[in-house]
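# let's see this in three dimensions:
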Amino acid sequence: MVFWLIFLSVPSATVAWWVLTHRAVGRLPLAAGRRLATRAALGAFFFSVLSVFVWIMVERLADAAPPPTWARTWTFVWFIAALPASLAIWLVTAITFRAWRKPAAMGPPGPAAGSVAAAAGPPAELSRRDFLTLTAVAAPPLLTAGFSIKAHVEHGTFQTREHLVRVDGLPRELEGVTIAHVSDIHIGRYTDAPLLRKIVEQTNNLRCDLIALTGDLIDFDIDELPTCVDMLRRFDAPSGVVICEGNHDLFQDPGAFRYGLKTAGLNLLLNESITHRIRGVECEVSGLQWGLPGKQMRAAGLKENFGHLQALLGGNDGTKPAGAIADSRRAPFRLHLAHHPHAFELAGQNGVDLTLAGHTHGGQLMLADGIGPASFVYKYLSGLYSEQNAAGRRVSCVVSNGTGNWFPLRLGAPAEISKITLVRA
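Here you go, the predicted structure:
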């Protein structure tokens, strides 16, 4: 219910914005022809984003033909980036108007700028108030166009981000082990075949010992599963590939996704812990599934899923509290894969050396380093985090910005592949 309320508020906010701008243009000191042209241009803009929004809904609900990618990008950028930015501009404009408002002077008031009386004569010059109004009116299409161009130019680009992870008691045989961490590929409209080839090629070129993928391999359509399996088989590392699932993987058909990867012989870990040989050393690798059977897949179900996994971790037989690890049966290195980064707290309590996660896209739209809407939602947002658990052991987490996109625009959170190097603490 909450999701649908938020979802439907977006077109409602767009209609409200259209009404505000329509009225604001009427108060500007413009010639009749220019006022009509401005209103027509704004009307065409708002009609375009609303009509494509409806098209996307029909595509999802009735299996209709999808809108062109450029139209989808234009609409997504408006709803998720340009609309909030435009509302912020309008708010600043309204506050500024109040600050400039002065008590009425002595004597009879004259006609206001943009009033019917003023409009009868030649158009007046723009006042400061009119200029701010015009800025607020022009912001929606200009921001949408600018952000859409940025999304198009940066499509298919990603960086390699390196992290040095210190591990307590790491065996000398594992000193310098490297892990390529790939997350949130979102195979679909914004991650096509050429980009997949590039992701595989650049990941393999890192020559890492192990490749780990932390979910959201496909964006939505289960028909992309064969493409996904083909991509996973082309990853190449001496210690192989390990995988956990993400929420997008399960949107359309969770059973088909899991069955497809398992029957392909891929290491998809669903609340499972396995012994995995890295440079000849038997290490522990575990993976968390997403969601709970019979319930909506929007919630990760971290505590419930980790409860199923806990008995398998490090010899904890499930009768001991989190953090009570049977060190005598402890693997020399323990790696945990989870799509949601908040699983780090549970894994760290259980003595897992390194947790890899994604899901956040690094915040996707960040105003500055660590500052953006997502920073109020996620404790672990992007990059490397290291803490000391209750047993005094150093535990770490690397949260990937993701390599692909379900939404085409990124600000301050570039797409990436992570290269992780293990060293002794």
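# all contacts plus neighbour counts: C-alpha atoms, from now on.
OK.
# which residues touch stretch 137-146?
By Cα atoms under 8 Å, 6 or more residues apart in numbering, the list of residues contacting stretch 137-146 from outside reads 21, 24-25, 42, 45, 74, 77-78, 81-83, 86, 89.
# buried ones in that stretch?
By neighbour count, and taking 16 or more other Cα atoms under 10 Å as the criterion, the buried residues in stretch 137-146 are 137, 139, 140, 141, 143, 144, 145.
# could you do stretch 259-275 as well?
By neighbour count, with 16+ other Cα under 10 Å as the criterion, the buried positions of stretch 259-275 are 260, 261, 266, 267, 268, 269, 270, 271, 272, 273.
# so which of these are in strands?
By the criterion of DSSP state E, membership of the buried residues of stretch 259-275 in strands covers 267, 268, 272, 273.
# in the stretch 301-425 of the chain, where is pLDDT below threshold?
The stretch 301-425 of the chain contains residues with pLDDT under 70 at 314-329.
# which stretches of it form strands?
Residue ranges of the strands in the stretch 301-425 of the chain, as given by DSSP state E, counting those that start in this stretch, are 334-337, 354-357, 383-388, 394-399, 416-424.
# the ones you listed: which one's closest to residue 172?
strand 416-424 (7.8 Å; Cα to Cα).
# just the angle between that closest one and strand 394-399, please?
Using axes from the mean of the first three to the mean of the last three Cα atoms, to 10 degrees, one finds that strand 416-424 and strand 394-399 are set 170 degrees apart in direction.
# which other helices and strands contact the helix or strand where residue 57 lies?
When elements are assigned from DSSP states H and E, residue 57 belongs to helix 32-62. Using 3 or more Cα pairs under 8 Å, 6 or more residues apart in numbering; DSSP states H and E, the elements in contact with helix 32-62 are helix 2-27, helix 69-77.
# right, so these: which one is the most enclosed?
With neighbours taken as mean count of other Cα atoms under 10 Å, these reach their highest mean count in helix 69-77, at a mean of 19.
# centre of the chain to it, how far?
Computed by Cα atoms, centre = their mean, to the nearest Å, the chain-centroid distance of helix 69-77 equals 17 Å.
# just checking, what packs against that helix?
The contact analysis (3+ Cα pairs under 8 Å, 6+ apart) places helix 69-77 against helix 32-62, helix 128-154.
# could you export that helix as CSV, CA atoms only?
Extracted as CSV, the C-alpha positions of helix 69-77 are listed here (Å, rounded to 0.1, in the frame of the first residue of the first chain):
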residue,chain,number,x,y,z
THR,A,69,14.6,3.8,-24.5
TRP,A,70,15.1,7.5,-24.9
ALA,A,71,11.5,8.2,-23.9
ARG,A,72,11.8,5.9,-20.9
THR,A,73,15.0,7.7,-19.9
TRP,A,74,13.4,11.1,-20.3
THR,A,75,10.5,10.1,-18.1
PHE,A,76,12.5,8.4,-15.4
VAL,A,77,14.9,11.3,-15.2
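# output the helices and strands packed on helix 69-77 in JSON lines, with distance to residue 202 and mean pLDDT appended to each entry.
Converted to JSON lines, the helices and strands packed on helix 69-77 look like this (distance: least, Cα to Cα, whole Å; pLDDT from 0 to 100):
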{"stretch": "helix 32-62", "distance to residue 202": "33", "mean pLDDT": "89"}
{"stretch": "helix 128-154", "distance to residue 202": "17", "mean pLDDT": "89"}
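# of these, give the one that comes closest to residue 377.
Here helix 128-154 is closest among the helices and strands packed on helix 69-77 (Cα to Cα), at 23.7 Å.
# surely residue 331 is in contact with residue 286?
No: taking contacts as Cα atoms under 8 Å, residue 331 lies outside contact range of residue 286: 11.8 Å.
# which one's more surrounded, the two?
A side-by-side neighbour count of residue 331 and residue 286, using other Cα atoms under 10 Å, places residue 286 first with 27 against 18.
# looking at the strands of the stretch 301-425 of the chain, which is buried most?
Per residue and on average, the most neighbours among those fall to strand 354-357, with a mean of 29 (mean count of other Cα under 10 Å).
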